[in-house]
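Peer 1: Return a 3D structure for these sequence lines:
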Amino acid sequence: MIKDQCISVTDLRTKTKQCIDESKKEPKYIFINNKPVAVLINMTEYENNFIKPRLIELKEYEADESLKNEAKNARKTRKKDLMDI
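Peer 2: Reported below is the predicted structural model:
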């Protein structure tokens, strides 16, 4: 954590727009009484890292038996039983 990335909750209250604008460049760590309590990040970073599912590909030896069983069951699911979201 770099000093430039740290902001107090008071600064957040009084300079909200500036703090939000700065969070577009890098995350901002919010402090209350010199203790970190939250992180302010831009919306794109939030959506990419916390909202959108991240798909990863595993080698067969990396997957345990329960995951392999889930994959087998998923292959058996009929298309009409799936939800379109």
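Peer 1: any idea of the mean pLDDT for stretch 52-69?
Peer 2: Mean per-residue pLDDT for stretch 52-69: 85.
Peer 1: Can you report how many residues lie near the closest residue to Asn42 other than its chain neighbours?
Peer 2: Nearest non-adjacent residue to Asn42, counting by Cβ to Cβ, 6 or more residues apart in numbering: Lys24, 4.6 Å away. (Each C-beta comes from the backbone N, C-alpha and C, glycine too.) Lys24 has 12 neighbouring residues, counting by other Cβ atoms under 10 Å.
Peer 1: count of residues packed around Arg13?
Peer 2: Arg13 has 9 nearby residues by other Cβ under 10 Å.
Peer 1: Now do the SS call for it.
Peer 2: Taking DSSP: H, G, I helix; E, B strand; the rest coil as the rule, one finds Arg13 in the helix state.
Peer 1: hang on, the earlier thing: okay, the residue nearest to Asn42: pLDDT?
Peer 2: Looking at Lys24, its pLDDT reads 91.
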